[in-house]
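Student: I'll drop the sequence and a predicted model, then ask my questions.
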Amino acid sequence: MSERGELKRIGAKQHINSGRGPVKADGSLDDFVVDVKEYSKSYSVSQDSWAKIVSDTMKVDRKKNPALMVVLGEGNKKVRLAIIEWQVFEQLRESNGNNS
């Protein structure tokens, strides 16, 4: 499945030219600007790659949070992961009443 297909699958709005145009990143979903990375076996996250995702998010909408969607695997054996800042994760937990 392509980035476009993954964005559609999660209900995100795709950015024109998948971030290569004036609107950076691949898409937007709720309070997040999403960048999609698809690999068959592994993907490595570095400070530089995360900094680019954060920078692209700020160019799209300073009020939104950066999110990295990593899709690993092929065919029917895919795992989909979301990488977000820990502070955002804690806010999500608090809004769901999970304070412990």
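Tutor: Thanks, I have it.
Student: For the rest of this, base every contact and every neighbour count on C-alpha atoms.
Tutor: OK.
Student: From the chain's centroid, how far away is the longest strand along the chain?
Tutor: For the chain, the strand reaching the highest residue count under DSSP state E is reported as strand 65-74. In terms of Cα atoms, centre = their mean, to the nearest Å, the centre of strand 65-74 is found 6 Å from the chain centre.
Student: Pairing partners for it, with directions?
Tutor: Sheet pairing of strand 65-74 (DSSP bridges) gives strand 32-39 (parallel), strand 77-83 (antiparallel).
Student: Need those strands in CSV (columns: distance to Leu68).
Tutor: Shown next, in CSV, are the strands paired with strand 65-74 (distance: least, Cα to Cα, whole Å):
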stretch, distance to Leu68
strand 32-39, 5
strand 77-83, 5
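Student: Format the ones you listed as CSV; extra columns: distance to Pro22, mean pLDDT and mean neighbour count.
Tutor: Output for those, formatted as CSV (distance: least, Cα to Cα, whole Å; pLDDT from 0 to 100; neighbours: other Cα atoms under 10 Å):
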stretch, distance to Pro22, mean pLDDT, mean neighbour count
strand 32-39, 14, 96, 21
strand 77-83, 24, 96, 12
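Student: Of those, which is nearest Lys59?
Tutor: Checking the strands paired with strand 65-74 against Lys59 by Cα to Cα gives strand 32-39 as the closest, at 10.1 Å.
Student: now the end-to-end length of stretch 82-98.
Tutor: Chord length of stretch 82-98, first to last residue, is 19 Å (Cα to Cα, to the nearest Å).
Student: Pro66 and Asn76, how far apart?
Tutor: According to Cα to Cα, Pro66 stands 27 Å off from Asn76.
Student: part of a helix, is Val54?
Tutor: Yes: the assignment for Val54 (DSSP: H, G, I helix; E, B strand; the rest coil) places it in a helix.
Student: Dump the helix or strand hosting Glu90 to CSV, keeping only the CA atoms.
Tutor: Element membership for Glu90, per DSSP states H and E: helix 86-95. This file holds the C-alpha atoms of helix 86-95, laid out as CSV (Å, rounded to 0.1, in the frame of the first residue of the first chain):
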residue,chain,number,x,y,z
TRP,A,86,6.0,11.7,25.0
GLN,A,87,4.3,14.9,26.2
VAL,A,88,1.6,14.5,23.6
PHE,A,89,1.2,10.8,24.7
GLU,A,90,0.8,12.0,28.3
GLN,A,91,-1.8,14.6,27.3
LEU,A,92,-3.8,11.9,25.4
ARG,A,93,-3.7,9.7,28.5
GLU,A,94,-4.9,12.5,30.7
SER,A,95,-7.8,13.4,28.4
